[in-house]
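> Take this sequence and fold it.
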Amino acid sequence: MSGDERELRPATLAVHAGESRGATPAGAPTSTPVYATTTFTYPSMREMDEVFSGAREGHVYTRHGNPTVGALEEAVRALEGGRRAVAFASGMAALHGALLACELRPGARVLASQDLYGATATLLEEVFAPFGVETETCDFADAERLRARVAELRPRALVAETISNPLLRVCDLEQVASVAREAGARLVVDNTFATPLLCRPLSLGADLVVHSATKFLGGHGDATGGVVVAREESDGARLYRAMKLAGGVLGVWEAHEILRGIKTLAVRLERQCENARLLAERLAGHAKVARVYYPTLETGGQQRLAARVLGGRAGGALVTVELKEATREAAFRFMDALRLCVRSTSLGDVFTGVLHPVTASHRDLAPERRRALGITDGVVRVSVGLEDIRDIAADVLRALEA
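Okay, here's the model as predicted:
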């Protein structure tokens, strides 16, 4: 991509970022090829040694880097406005790498938002805790409480989500980043639900931004991957080392599919966000629905915060509903009655997908903890797709009658 990326708008970057279009003996490709090779060779050992040492650009082994994966990394780096991006085999591998880049050691503490994806909490509790890393949770929306907990714990890292899973609470990233910076802690932000088109956490003070690229970036339900973007090169170097040594390497085919998906991210997300807003409005006040969670729907502080953090552009492409009959049986009846919407354990795809957090994303959380967070058996998360909103709404409304 030629030109200064700072002069280009996000929709343009999504189409062009990562594409070098450099000349080859066969001409310049207009899209990144799939480099389906594990190793790379050079005319001489001297040249190979220079590449290994970093004195010369190039690739030697796909676990260390690959041109196809590199193109994806560059695209996400440009979209987030960071210094370096590193791709991983999944979103969870990316989050693991981001935490490793925070240099967690035995005795180190992590302060995590109480509103987190269930597997993120489990990663901290079951993978890092046995190595002596302590994790505490806190309501990041309570600024006074957050500041007091940070002063008390002196955490090495804070972990938050731009839009929380599954209740879609927007985090005041500027405020949290300020608290983290005062304490000398790194702020890790999962930006999967917002994408760089709605929010760029690095510009709000975050140090590391994580994406499950399986979701909106790829967007078509056919590739699993993750990416972390670092604000500083030093964190980027640690990310790369974590990827290379732990081996959570993104495959070249998946990188190609996700890079291709990013090119349509802007048009997909615009339609999905508009569909989500309309669906949330249709469901608000429905006789079978106790509450609708959508960032721009709620009046008051959350609505104003969403407008500020998400740039006033949209509230995201997810809608979460709590049924009045807040039981697992009622949720199952509702989901089984859907004919168009797909029962799916992911999100961000072109189709509308529904998920039951208690039996999927937050299954491993203790029931009492789920209830304390407001995740009841009657909560259902809807990832709104590209279908005609009239068809989506008709399917959901018909299923509610079941």
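> Residue 47: neighbour count?
Using other C-beta atoms under 10 Å, the number of residues around residue 47 comes to 14. Placement of C-beta: from N, CA and C, glycine included.
> Packing partners of the longest helix out of those in the chain?
Counting residues, the longest helix in the chain under DSSP state H turns out to be helix 265-283. Under the contact criterion of 3 or more C-beta pairs under 8 Å, 6 or more residues apart in numbering; DSSP states H and E, helix 265-283 touches helix 10-16, helix 195-198, strand 289-293, strand 318-323, helix 389-400.
> do that again at 6 Å, thanks
Counting contacts by 3 or more C-beta pairs under 6 Å, 6 or more residues apart in numbering; DSSP states H and E, helix 265-283 is packed against helix 10-16, strand 289-293, strand 318-323, helix 389-400.
> For residue 359, find the nearest of these.
strand 318-323 (14.3 Å; C-beta to C-beta).
> What strands line up against that closest one, and which way round?
strand 289-293 (antiparallel), strand 379-383 (antiparallel) (DSSP bridges).
> now the last one and helix 389-400, what's the angle there?
Between strand 379-383 and helix 389-400, the angle formed by their directions is 160 degrees, by axes from the mean of the first three to the mean of the last three C-alpha atoms, to 10 degrees.
> again, but for the first one
With the same axes, to 10 degrees applied, the angle from strand 289-293 to helix 389-400 works out at 140 degrees.
> ok, then the element right after strand 289-293?
With elements assigned by DSSP states H and E, the helix or strand that comes after strand 289-293 is helix 301-309.
> For that following helix, buried residues please.
Along helix 301-309, these residues count as buried under the neighbour rule (16 or more other C-beta atoms under 10 Å): 302, 303, 305, 306, 309.
> mind checking pLDDT for residue 312?
As predicted, residue 312 sits at a pLDDT of 79.
> what's near enough to touch it?
Contact analysis of residue 312 by C-beta atoms under 6 Å, 6 or more residues apart in numbering lists nothing.
> got the strands paired with strand 318-323 as CSV, with mean neighbour count, distance to residue 339 and mean pLDDT columns?
What follows is the strands paired with strand 318-323, written out as CSV (neighbours: other C-beta atoms under 10 Å; distance: least, C-beta to C-beta, whole Å; pLDDT from 0 to 100):
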stretch, mean neighbour count, distance to residue 339, mean pLDDT
strand 289-293, 18, 19, 96
strand 379-383, 25, 14, 97
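> wait, which of those strands is closest to residue 65?
Closest approach to residue 65 among the strands paired with strand 318-323 (C-beta to C-beta): strand 379-383, 32.1 Å.
> and the closest one with helix 265-283, angle?
Going by the same axes, to 10 degrees, strand 379-383 makes 140 degrees with helix 265-283.
> what comes into contact with strand 379-383?
With C-beta under 6 Å, 6+ apart as the contact definition, strand 379-383 has outside contacts at 166, 318-322, 331, 347, 353-357.
> and that strand, how far from the chain's centre?
Chain-centre distance of strand 379-383: 17 Å, with C-alpha atoms, centre = their mean, to the nearest Å.
> re earlier: if you rank the contacts of strand 379-383 by neighbours, which is first?
In terms of neighbour count, residue 319 stands highest of the contacts of strand 379-383 at 31 neighbours, by other C-beta under 10 Å.
> Show me which helix or strand of this structure is least confident by mean pLDDT.
helix 367-373 (a mean of 81; mean pLDDT, DSSP states H and E).
> Please enumerate residues in contact with that helix?
Outside of helix 367-373, the residues within contact range by C-beta under 6 Å, 6+ apart are residue 362.
> List the buried residues for that helix?
Result for helix 367-373 [16+ other C-beta under 10 Å]: buried residues 370, 373.
> Now do the end-to-end distance for stretch 229-236.
Across its full length, stretch 229-236 reaches 7 Å end to end, with C-alpha to C-alpha, to the nearest Å as the criterion.
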